[in-house]
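*Asks:* What follows is a protein structure lacking sequence information:
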């Protein structure tokens, strides 16, 4: 790498930090919840997670996730429009549609 490139990168990073837009990773060392144990910070209140139902460390959800991993693997390896989507996702979408008295997307052709 050239010295000019390295200098340019250092300047850009310094600018990001000055502007308050530099991002760093925060490492969580506990199950996700309203409060998590964050490496180097201790217990931290999390106001931005997708765990608003508090299910990420629920024993039944974990067991269902393990069962799904055994049956379906870890994913389709791409987005659903390229590699396909799982039948279990269609079933979930149909159940949600019925709950809200709507036609499921998978039923619309």
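*Replies:* Ah, there it is. Not measured: the values here are computed from a predicted model.
*Asks:* Can you get me a residue count around residue 36?
*Replies:* When counting by other Cβ atoms under 10 Å, one arrives at 19 neighbours for residue 36. Quick note: C-beta positions are derived from backbone N, CA and C, even for glycine.
*Asks:* you'd agree it is in a strand?
*Replies:* Yes - under DSSP: H, G, I helix; E, B strand; the rest coil, residue 36 falls within a strand.
*Asks:* Would you check how far apart it and residue 96 are?
*Replies:* Distance, residue 36 to residue 96, by Cβ to Cβ, to the nearest Å: 29 Å.
*Asks:* Check residue 45 too.
*Replies:* Using Cβ to Cβ, residue 45 is found at 30 Å from residue 96.
*Asks:* In terms of neighbours, single out the busier of the two.
*Replies:* When neighbours are counted by other Cβ under 10 Å, residue 96 comes out ahead of the other of residue 45 and residue 96, with 12 against 8.
*Asks:* Could you list the residues in contact with the lowest-mean-pLDDT helix or strand in the chain?
*Replies:* Least confident element among the helices and strands of the chain, by mean pLDDT, DSSP states H and E: helix 80-83 (a mean of 84). Here helix 80-83 makes contact (Cβ atoms under 8 Å, 6 or more residues apart in numbering) with 76, 77, 89.
*Asks:* residues near the closest residue to the first one other than its chain neighbours, how many?
*Replies:* Looking back up the chat, that one is residue 76. Counting by Cβ to Cβ, 6 or more residues apart in numbering, residue 76 lies nearest to residue 83, which is 4.2 Å off, once chain neighbours are set aside. When neighbours are counted by other Cβ under 10 Å, residue 83 registers 10.
*Asks:* so where's this structure uncertain?
*Replies:* 106-109 (pLDDT under 70).
*Asks:* Which residues belonging to the longest helix belonging to it are considered buried?
*Replies:* The longest helix of the chain (DSSP state H) is helix 3-19. Using 16 or more other Cβ atoms under 10 Å as the test for burial, helix 3-19 gives no buried residues.
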